[in-house]
Structures are given as C-alpha cells and as structure tokens.
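Undergrad: quick one, fold the following:
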Amino acid sequence: MPPLITAEEALAYGRLTDHAEIEALVERAWEVRVENFGDSTDMCSLVNAKSGGCAEDCGFCAQSRYAEADTPMHAMMEPEQILEHAKAAEAAGAHRFCMVTQGQGLSKRDFQKILEGTKLVAEKTNLKRCASIGHMSAERAKALKEAGVQRVHHNVESARSYYPEVSTTVRYEGRLRTIQAVKEAGLETCVGGILNLGETEEQRVEMAFELSEINPTSIPINLLIPKDGTKFGDRSVMDPWEVVKWIAIFRLIIPGALFRLCGGRVENLGSLHKLAVKAGLNGVMMGNFLTTLGAEPAEDREMFEELGLNVARQPDNGANPRPDNRSGWLDGETPATPIDELIDTQEEANFWDPSTQLRVVKKAKKPPSYPRAA
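TA: Have a look, this model is predicted:
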C-alpha cells in the first residue's frame, strides 16, 4: 500500500507543535487505521530468552560490551521455561509471543532451544509465534518456519543515513540481507526502529519511507530509554506529544502495516498512551520489555477497549484473515484459550520479569571506546 503523504508533507507535520493541530493529525491517522484494520488488534508479549555479553556496539544498548553500564545477564532459557512465559502472555490477553535473544546470531545449541521452545508454544498455547534472534541465513529462517515460527523480527533501528551513528559493527546491509532471507523462507517480517537516537526530523521521515520500501507485515516503534554508560545515555526522553505526532506520521506513510509501540513507552509517553493508540497503533508490547518493566495487562487492554477496539483473540488479529494459529501443521485439538479468564496484573502469572530474572554484572575492566562512524 503506497504512502498517503509525501516526504515534504511528512516534514511539515513533523514541525507541528500546537496540540490542537497534532490532535487533528491524530484524527486523520485514526481514520486510516480504522479503514484498514477495523476494530481488530494485534497484541504482543516477549521473553528475553538470552541477555547480556553482546559483542556489538549498538549505542542504545546496555548489553553491549562497549557500554560502561552494568551488563544485564541471563543465560539461554530452556524450552520449558520459554513455554511458561508464553502461557503467562496468553493469560494476559496477548495474541502473539516473541522469543528474543541478544547478539548477531545464536550457537547451534541455543538455536535448537529456540526451535524446541517454539514447538512447545505451538503445542500448548494458541499464540502466534515470533522470534528475534539476530542475523540468520535462509536455512535457519526455513528451520524456524518448520518449527512453527510465523514472524521474524529484525529492526533497521534508524535511517540508513544515520545508522553509522547507531552501530558500526552490525552493518545496515546485513540487516537487509536477514530481512530478505526471512521473506524468502515464507515468513512474515517485523521491522522497525528506535526514535530519539539523535536523528533529525528529516532522518525520521527517511526511515519511515525506507520501511515503506521494505514493506514488513509489522512495524514496532521503540522509544529510547537513555541509560547511563551507553552512547546515547545523556539524551532526554521524548516529549509525549512528539511521540504521538510521529506515530501518526509513520501511520500515514505506511498505512498497511501493523504498528505496535514497544520499548520505552512507559518512560516516554506518560498519560498520552491512549492518544498514541489513536494515532494509529494496532497493538503494544504487553507485559515487560527486555530489560525494563512494562504496564499491567488490564491497563493495556483498557486503552484499546476505550476506543472501541476489540482485544479478544480473533481469526484476524491483523491485516488479513489467517487460519487457526497452528495452520494445520500439528495434529490434535487446538489448545483452549483463557480468553474468558484473563489476568489483570503481572503478579498473577509467571511473566518475564527483568527485575528478578536478570543478573546485573559490573564490567570487570574498562570497556573499549565506541568505534567512530565512518
């Protein structure tokens, strides 16, 4: 679906500061969202299946060996542990579940655990299944599909022109190759980025149009959480009205993608969460994030329901109707869905909890300096 506005129009919207004018922009984005998706939603939850000790230099991340921040560590989960967190996500009302690991890729042993965890989630829950495990070959992408993964997440992080400021060890072109391998395997793609890394308004628009060209099924929008000891640790959080405005602009540039708001939304948005949903979101990342805490499930569901959106699990939790979650690849009855017995707080289930399940490790020696962008 082509963009509904030009780059020049997007930049003009990006300069808006009057709240009434931003609200008018939100109304336009809301009309586009409803026209393309009706009242359906697409709610996600994740587990940080492996954390810390990353060799890459991404400037926003405390897991990087280049960051002076303490490193949040978590060994690779066993498949049964992944399943327990998936069950909690389903009980909270999530439609899909994403298994996330750090770094550019996984060892054969850790990759096998992701495959086995995927099979368990498919057998024991009615969740759609996603993975975010770094770069991968076409062969690994096919193995993920055979195990039951339906969508692979791999961000571009920022505009191509600003990307060298974000990372020098993970090449932008390598990200595009992984996205292409995922598409060739017949998997859906989830590709987005992070706002407030120091990019200009022009570069935000650039990233949106680059994402439009990639044409992913899903676009996660993350907001920087400045962390002391990281390259971008001295930045301020975004103004909530700026966040809402840019969600609406991205929706008008990429009208046909599933948009979700993920990391940083609690710290950056404050009381404007509901307005952000109206700006064009299909869903949010429910529960906790990789290394930070999120909102309560009942609060997330309420935001969407107050706008007349349906958070119940449906055959279509996205743009196009899909068959049963498991697509007939497994034998047996579809597992029961606890849609009538949803939990309202994270304490009611075994949610992924970075405050207790991550081990924060101090750097043993001074980390190397961030490489300079070429």
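
Undergrad: give the contact list for V166.
TA: Residues in contact with V166 (Cβ atoms under 8 Å, 6 or more residues apart in numbering) are C58, G59, F60, E157, S158, I194, L197. Using the backbone N, CA and C atoms, a C-beta is placed for each residue, glycine as well.

Undergrad: so who does E188 touch?
TA: E188 makes contacts with Q150, R151, V152, P216, T217, S218, as judged by Cβ under 8 Å, 6+ apart.

Undergrad: how about T200?
TA: By Cβ under 8 Å, 6+ apart, the residues touching T200 are Y162.

Undergrad: mind checking how far it is from C98?
TA: Using Cβ to Cβ, to the nearest Å, we find T200 at a distance of 30 Å from C98.

Undergrad: now the helix or strand harbouring V34: mean pLDDT?
TA: V34 belongs to helix 19-37 when assigned by DSSP states H and E. Helix 19-37 shows a mean pLDDT of 97.

Undergrad: model confidence over the helix or strand that comes right after that helix, on average?
TA: Next in sequence after helix 19-37, counting helices and strands by DSSP H and E, comes strand 44-50. Mean pLDDT, computed over strand 44-50, is 92.

Undergrad: which one of the contacts of V166 is nearest L25?
TA: Nearest to L25 among those is I194, at 21.6 Å by Cβ to Cβ.

Undergrad: chain neighbours aside, what residue packs nearest to the closest one?
TA: N222 (4.4 Å; Cβ to Cβ, 6 or more residues apart in numbering).

Undergrad: roughly how far apart are that neighbour and L293?
TA: Distance from N222 to L293, by Cβ to Cβ: 15 Å.

Undergrad: quick one, which of these two is more surrounded?
TA: N222 (23 against 14; other Cβ atoms under 10 Å).

Undergrad: what about the more buried one, which helix or strand?
TA: Applying DSSP H and E, one finds N222 within strand 218-223.

Undergrad: what helices or strands is that strand leaning on?
TA: strand 151-153, strand 188-190, strand 193-195, helix 240-253, strand 258-261, helix 265-269 (3 or more Cβ pairs under 8 Å, 6 or more residues apart in numbering; DSSP states H and E).

Undergrad: nearest to S51, out of those?
TA: Of all those, strand 151-153 comes closest under Cβ to Cβ, at 15.8 Å.

Undergrad: what's the mean pLDDT across whatever helix or strand comes next after the closest one?
TA: Next along the chain after strand 151-153, taking DSSP H and E as the criterion, comes helix 163-166. The average of the pLDDT scores along helix 163-166 is 96.

Undergrad: list the buried ones in helix 163-166?
TA: Within helix 163-166, the residues that count as buried by 16 or more other Cβ atoms under 10 Å are Y163, E165, V166.

Undergrad: one more: stretch 217-228?
TA: Result for stretch 217-228 [16+ other Cβ under 10 Å]: buried residues T217, S218, I219, P220, I221, N222, L223, L224, I225, K227.

Undergrad: can the helices and strands packed on strand 218-223 go into a markdown table with extra columns for mean pLDDT and distance to L275?
TA: Formatted as a markdown table, the helices and strands packed on strand 218-223 follow (pLDDT from 0 to 100; distance: least, Cβ to Cβ, whole Å):
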| stretch | mean pLDDT | distance to L275 |
| --- | --- | --- |
| strand 151-153 | 95 | 26 |
| strand 188-190 | 95 | 24 |
| strand 193-195 | 97 | 16 |
| helix 240-253 | 98 | 5 |
| strand 258-261 | 95 | 12 |
| helix 265-269 | 93 | 9 |
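
Undergrad: tell me which of the ones you listed lies nearest to F209.
TA: Ranking those by proximity to F209 (Cβ to Cβ) places helix 240-253 first, at 6.2 Å.

Undergrad: how about residues contacting that closest one?
TA: By Cβ under 8 Å, 6+ apart, the residues outside helix 240-253 that reach it are 3-5, 10, 13-14, 16-17, 19, 22, 25-26, 28-29, 32-33, 195, 204-205, 208-209, 211-212, 219, 221, 223, 259, 261, 268-272, 275-276, 279-281.

Undergrad: now with 6 Å?
TA: 3-5, 10, 13, 22, 25-26, 29, 32, 208, 212, 268-270, 272, 275-276, 279-280 (Cβ atoms under 6 Å, 6 or more residues apart in numbering).

Undergrad: before we move on, what about stretch 355-366?
TA: The contact list for stretch 355-366, computed with Cβ under 6 Å, 6+ apart, reads D70, T71, P72, M73, H74.

Undergrad: ok, the last one touching S51?
TA: Meaning H74. Yes. Applying Cβ atoms under 6 Å, one finds H74 in contact with S51, separated by 3.9 Å.

Undergrad: these two: who's more crowded?
TA: S51 (25 against 22).

Undergrad: what subset of the contacts of V166 is buried?
TA: Those of these that meet the buried threshold are C58, G59, F60, E157, S158, I194, L197, by 16+ other Cβ under 10 Å.

Undergrad: what are the phi and psi values at M207?
TA: phi -60, psi -40 (degrees, to the nearest 10).

Undergrad: which ones are touching it?
TA: Neighbouring residues of M207 by Cβ under 6 Å, 6+ apart: S158, A159, G193.

Undergrad: show me which of the residues you listed is closest to S137.
TA: The nearest one, if we look at those relative to S137 and count by Cβ to Cβ, is G193, at 23.3 Å.

Undergrad: quick one: the helices in the stretch 1-150 of the chain?
TA: Along the stretch 1-150 of the chain, counting by DSSP state H, counting those that start in this stretch, helices occupy 7-14, 19-37, 79-91, 108-124, 138-147.

Undergrad: let me know which of the ones you listed is tucked in deepest.
TA: helix 79-91 (a mean of 22; mean count of other Cβ atoms under 10 Å).

Undergrad: now that one: how far from the chain's centre is it?
TA: Mean-position distance between helix 79-91 and its chain equals 18 Å (Cα atoms, centre = their mean, to the nearest Å).
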